[in-house]
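Trainee: sequence plus the predicted model coming up.
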Amino acid sequence: MKLSIIIPMYNAAQFFEQCLLSILEQNILLSDYEIIIINDGSTDNSLEIAESFAKKHKNIAIYSQKNSGVSITRNKGIELAKGEYIWFIDGDDLIVPNVALDLYNIASENNLDALEFKFIRTKSRNKIRALKKPLSTYPIVVENGKDFVGSHNFGDSCCAYLWRTTFLKNSNIRFIPNRIIEDMTFNAEILPTTKRAAFLPVYIYRYVINPKSLWTNTAPVAFRKSIDDFVHMTIHYFENMKKWKKRGVNTRFMEKKKLSNQFNIAKRMAVSDLSFKQMEKYKALLKDHQLYPFPNETGNKPMSKVLIYFFNRKYLFYIYLSKTL
């Protein structure tokens, strides 16, 4: 089997049919790829939609588990996959028609551990048009993983890659459970370990912004959880970055992603309901890992720089919060 498409599914009923239709609209034989749907304890009718598709398409397999989060779900998908390559797709996203076989061929013919392609973040759910040019006409450069992460701004989403299945299975790197930005961290950990990786400069994946996602959820409890996740995952990301830097890897793009995470921490804290004492605890934790104060270049816009300036100064930040909240 050539390809395993892994879909974590949690309360995706509103968009799941459109996602599956975009996956089934591909130029690859049903016998050459499997669609692994892992129902992560959905409480809507996502499972019924998945089962209706599975009855019509023999290459769809459904597994159910209690709600465990997207990381544990993807990790389970890696264990279940039988194809030569894995493609992670989220249940509310879309892919370009008729690209699956071409992506597989490029990855297979070049003996790649990872093939990256471009993705776009959008609110649009309009039907995606087919590509005008065959993917085989685009040039690619094959590099080892250390050179790959240093040569271009590699994507944060694990869904913007084809991954060699044996490479993932044999690696001891997995998605960190119960945290957001888990795929950004996963990519930065695993990509430098690839022996052969390449980037295809074509938009293939449409990441559809979901207002109910953990990323965008502004409910107080979820928002506080997102801050905690950003703090701990940024620490994890930084420790991984330092490890690769010691091994001679150019980490300039990892550094940019770290700065982006730091800015997200400051921005989220500034509009959160965290107490000043709680914020200071997080700052102390970041300082213990040489991640605070934040560098001046953390914010690239004038108002962003103002926020970072205040964030780095305890009493000024307290005044800033008292004026803005």
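Mentor: Cool, the structure landed. Numbering: from 1, shown residues only.

Trainee: is it fair to say Tyr309 lies in a strand?
Mentor: No: judged by DSSP: H, G, I helix; E, B strand; the rest coil, Tyr309 forms no part of a strand; its state is helix.

Trainee: number of residues surrounding it?
Mentor: 17 (other CB atoms under 10 Å). Bear in mind the C-beta positions are built from the backbone N, C-alpha and C, glycine included.

Trainee: does Asn144 touch Ala198 like I think?
Mentor: No: here Asn144 lies out of contact with Ala198, judged by CB atoms under 8 Å, at a distance of 10.8 Å.

Trainee: looking at these two, which is more packed in?
Mentor: Neighbours per residue (other CB under 10 Å) separate Asn144 from Ala198, with Ala198 holding more: 20 against 14.

Trainee: so how far is Phe253 from that one?
Mentor: 16 Å (CB to CB, to the nearest Å).

Trainee: do the same with Ile72
Mentor: Applying CB to CB to Ile72 and Phe253 gives a distance of 28 Å.

Trainee: looking only at neighbour counts, state which of the two leads.
Mentor: Comparing Ile72 with Phe253 by other CB under 10 Å, the one with more neighbours is Ile72, at 19 against 16.

Trainee: these two touch, right, Asn67 and Asp40?
Mentor: Yes: with contacts counted by CB under 8 Å, Asn67 reaches Asp40, the gap being 5.5 Å.

Trainee: which of these two has more residues huddled nearby?
Mentor: Neighbours of Asn67 and Asp40, each counted by other CB under 10 Å, are more numerous for Asp40; the result is 23 against 13.

Trainee: just the strands in the protein please.
Mentor: Ranges of strands in the chain, per DSSP state E, are 3-9, 33-40, 60-65, 85-88, 94-95, 114-122, 161-164, 197-208.

Trainee: before we move on, the earlier item: list residues touching both of Asn67 and Asp40?
Mentor: Counting by CB atoms under 8 Å, 6 or more residues apart in numbering, the residues touching both Asn67 and Asp40 are Tyr10.

Trainee: test my guess that Ile181 contacts Met233.
Mentor: Yes: counting by CB under 8 Å, Met233 is a contact partner of Ile181 at 5.0 Å.

Trainee: who has more neighbours out of those two?
Mentor: Of the pair Ile181 and Met233, Ile181 is the one with more neighbours under other CB under 10 Å, namely 23 against 18.

Trainee: list the contacts of the more buried one.
Mentor: If you count contacts by CB under 8 Å, 6+ apart, Ile181 has them with Asp156, Asp229, Phe230, Met233, Asn261.

Trainee: could you find the closest non-adjacent residue to His289?
Mentor: Leaving aside its sequence neighbours, His289 sits nearest to Ile235 (CB to CB, 6 or more residues apart in numbering; 4.9 Å).
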